[in-house]
Every structure is written in C-alpha cells, then in structure tokens.
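1. Compute the structure for the input listed below.
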Amino acid sequence: MGSDMLAMILAGGRGSRLHELTNRVAKPAVYYGGKYRIIDFPLSNCANSGIDVVGVLTQYESVQLNSYVAAGTRWGLDTKNSGVFVLTPREKADSGLDVYRGTADAISQNIDFIDSYDPEYLLVLSGDHIYKMNYDKMLEFHKQHNADATIAVIGVPMKEASRFGIMNTDGNGRIVEFEEKPKKPKSNLASMGIYIFNWKLMRKMLIKDMKDPESSHDFGKDFIPVMLNEGRTLCAWEFKGYWKDVGTIDSLWEANMDLLDDKNQLNLNDPTWRIYTEDAAVLPQYIGPEAKIKRAYITQGVEVEGSVTNSVLFTNARVGAGAKVIDSVLMPGVVVEDGATVTRALVADNVRIGKGAVVGKKNSENILLVAEDVKGKEG
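-> Numbering: from 1, shown residues only. You can find the predicted model right below:
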C-alpha cells in the first residue's frame, strides 16, 4: 500500500537548544540510544511502513547528515523502485544562504521531485523525533475518513498542552479548530508534526502560498487554518506509543534514560519493527573483573573497568579503573579516565574526562552537557 504515498522528512532543523552537539552536525544526525542517530527513526518507520521513496530535506550543517542519509542501503531503501534522496534548498535568503523559509516552503521547492513520482498521498515528517510509527495505519485512517489532510496527534498532559499546537476535534476524529500554543487549551491532542495530504490539493495550495508575501510558508501557521476556513476535511489520528521531541539536552538525556526501563515502550530490540542504523565494525563490549554495573544500557565496543550506575554508554565509550559514571549518557568514543567521576551529565562524542576529574552534580537542576575535554588532576 505504501507505494501510493511518498514521504518527505524535514531534517533541516538547527537544533540550537542542543548547544555544542549541533555545532558541527544537524540535529537529526545527533546520536541516540547507544548506536543510533535520530534520523534513523523516521527512515526506519518509512521502510517498515512499506514506503519506497523518501526525500530528506536538509540545510544546516548538513554535510555529515547528507552522506549518512545517501546510503539508503541501511534502511533497505535502495532497490530499483525505492530510494532515499537528499534534497537541499535552492532559494536564496537575505543572507545569501540557501534556506527553506518554512515547513511548507521546503515542500514547495521540491514539487518537481514529488511530481516525478506522481503519488496520490504525501507524508510530511519531522526528522528529529524519537518514535516508532506505522504510517500505513495512518494512511488507512486517512482514506476511511475521506480526509483532505490527516494530522498525527498525541495526548499530552493537560498542564503541558499550552506548549504545543493543539487540535480540537468533534469526537469522531474530525478537527474543528487548531490552536497554536493556546494559553487555555480546550484539549490535550498535540500535533506531532506528521501530516498526510492529498497531493493534488496540496500541490495547488503550495503554488498559491509561494506567491503570498504575507505567508510564513508553514503548515501549522498557514495551511491548517486555511484548510479549516475552507471547510476541508481535516482529521486527527491519535498515536498511542512512545514519542519524544529531543530538542533540549534534558529531553535527549531523558529519552536515553527511558531505555533503562525493562518495559520501555520504545523497545529497540523488537524484531517486528527494527530500527536500522549504520553497522559499526567494533569489538564486543568488555566488562573488567573489577567493574561494577547497576542498571545500565551498554552498547558494543564499550569497555568498563570502573563502576557504571543508571547510565547509557554508546559505542566505543571507555570507563577506566576506579572511575564512576552515575545517571549519565556517554556518547560514542567518550573516555572517562581512571578515578574520574561523572554525574548527571551528557558527554558529547569523543570527549575525554581526565584522571580523577569530577564532572556534574548529584542534585543539579539541569543535565550538564560536557562538550570539551576535561583536564585531570595532576600528580
């Protein structure tokens, strides 16, 4: 069924709230869960949902992301009739840089690419969320309701609803009102930034929007309100499952920590819905005879001589003798030297924590991001 739907993944986000983690790479290329990158999730979802053609729209710090995505073999999207295509902006902004001016503009600039496949439906996704979703089920719902657009929504705690775009429905799945970050939300159905559009209609709307100087060229701000005003059939498909927007250091840390729960909803070992990633040629993990490990998520290539408590260790991380790692996330290639202590921290890839150094605090309000080497104690 997937072949009548083409997917476009919006992967151009700068991810500035991830600070140094996104200085050199785009947010969707940031590591997660021991060995994955964030972009692996929407791409794997597409592959598992039977979608053959996926366009990945990149812009900021995209060199590494582009080369990573271009190897469609990882997700099995590289056969004669399928592929992952990297699409970059063509329009020049005032700064002279090529940019997409909004979520809808990213699609407008690639109308020719979409037209070349002549899909009946267009799936638009964010490339920076952690979740597993069957888009085919969403498409079935879209067809059953004879919708012009279907938006995936997730129930959020009512006290947090004012942080999201909220969909108010008639109880049968039809959206009657959309409120962007309402002060007094009437419902808790938050938009996940996942849309299915009927391509012929969306194409007409995009062409009209491109010529509108007042538009911010954004699906949430411009297109959804216009469609509601025109009386179009907009439906909300409620997703039940794990979903995390990992836009801050704290939320990225939390999403990694969720993996320590045996019953975590994400379940990265589920053989029926695999999350594909690059195959790193690394040795198995090594746990030394003196090592103490309590509630940890440890990936291949990791070496532990010290103690690890309530932490997630990515590929090729090393914890030296007498070192302690507590409530922390160590990204690929991190080295914690002998006797050092790391607490409530997220340590960026390839950072070295020197001998005897103390990083982070047990009761800190926020998670500490360690993005540069930390000198050890001399002597």
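2. now residue 294, which residues is it bridged with?
-> residue 309 (DSSP bridges).
3. Please list all residues in contact with it.
-> 307, 308, 309, 310 (CB atoms under 8 Å, 6 or more residues apart in numbering). C-beta: built from backbone N, CA, C; applies to glycine.
4. any idea where the helices of the stretch 201-350 of the chain begin and end?
-> 224-229, 249-257 (DSSP state H, counting those that start in this stretch).
5. Show me what the helix or strand of the chain with the lowest mean pLDDT is packed up against.
-> Sorting the helices and strands of the chain by mean pLDDT, DSSP states H and E puts helix 63-70 at the bottom, at a mean of 81. Contacts defined by 3 or more CB pairs under 8 Å, 6 or more residues apart in numbering; DSSP states H and E place helix 63-70 against strand 83-87.
6. Report the separation between the closest residue to residue 108 other than its chain neighbours and residue 253.
-> Excluding its sequence neighbours, the residue lying closest to residue 108 (CB to CB, 6 or more residues apart in numbering) is residue 206, at 4.5 Å. Residue 206 sits 38 Å away from residue 253, going by CB to CB, to the nearest Å.
7. Name the SS class of residue 17, please.
-> helix (DSSP: H, G, I helix; E, B strand; the rest coil).
8. ok, back up a step: quick one, which of the helices of the stretch 201-350 of the chain is nearest to residue 287?
-> Among the helices of the stretch 201-350 of the chain, helix 249-257 comes nearest to residue 287, with 19.8 Å by CB to CB.
9. Report the buried residues of the closest one.
-> The neighbour-count check on helix 249-257 (16 or more other CB atoms under 10 Å) flags 249, 251, 252, 253, 255, 256, 257 as buried.
10. Ok, stretch 294-301 next?
-> 296, 297, 298, 299, 301.
11. For the third one, list the residues it contacts.
-> The one in question is residue 298. Here residue 298 is in contact with 34, 285, 287, 304, 308, 313 (CB under 8 Å, 6+ apart).
12. how about 10 Å then?
-> Listed by CB atoms under 10 Å, 6 or more residues apart in numbering, the contact set of residue 298 reads 34, 285, 287, 304, 308, 311, 312, 313, 314, 317, 319, 330.
13. can you pick the most crowded of the residues you listed?
-> Highest neighbour count within the contacts of residue 298: residue 330, with 33 neighbours (other CB atoms under 10 Å).
14. got the contact list for it?
-> With CB under 10 Å, 6+ apart, residue 330 has these contacts: 34, 256, 298-299, 302, 308, 311-319, 336, 342, 345-349, 351, 353, 370.
15. can you check residue 315 too?
-> Going by CB under 10 Å, 6+ apart, the list of residues near residue 315 reads 31, 34-36, 280, 282, 285, 299-302, 330-334, 349.
16. if we can go back for a sec, pLDDT and distance to residue 88 for the buried residues of stretch 294-301 - can I get that in CSV?
-> Output for the buried residues of stretch 294-301, formatted as CSV (pLDDT from 0 to 100; distance: CB to CB, whole Å):
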residue, pLDDT, distance to residue 88
296, 96, 39
297, 95, 35
298, 95, 37
299, 93, 32
301, 94, 33
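17. nearest to residue 261, of the contacts of residue 298?
-> The nearest one, if we look at the contacts of residue 298 relative to residue 261 and count by CB to CB, is residue 312, at 11.7 Å.
18. how about low-confidence regions in this protein?
-> Scanning the chain with the threshold set as pLDDT under 70 gives 1-3, 14, 72, 80, 90-99, 378-379.
19. Residue 330 and residue 361, how far apart?
-> 17 Å.
20. picking up where we left off before, reformat the buried residues of helix 249-257 into a markdown table and put distance to residue 140 next to each item.
-> Converted to a markdown table, the buried residues of helix 249-257 look like this (distance: CB to CB, whole Å):
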| residue | distance to residue 140 |
| --- | --- |
| 249 | 38 |
| 251 | 31 |
| 252 | 32 |
| 253 | 36 |
| 255 | 28 |
| 256 | 33 |
| 257 | 34 |
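21. give the contact list for the nearest residue to residue 134 once chain neighbours are set aside.
-> Nearest non-adjacent residue to residue 134, counting by CB to CB, 6+ apart: residue 49, 5.5 Å away. Residue 49 makes contact with 1-2, 5, 7, 123, 133-139, 273 under the criterion CB under 10 Å, 6+ apart.
22. from these, which would you call buried?
-> Here, 16+ other CB under 10 Å leaves 2, 5, 7, 123, 133, 135, 136, 138, 139 buried among those.
23. Quick check: which element contains the third one?
-> I take that to be residue 7. Assigned by DSSP states H and E, residue 7 belongs to strand 5-10.
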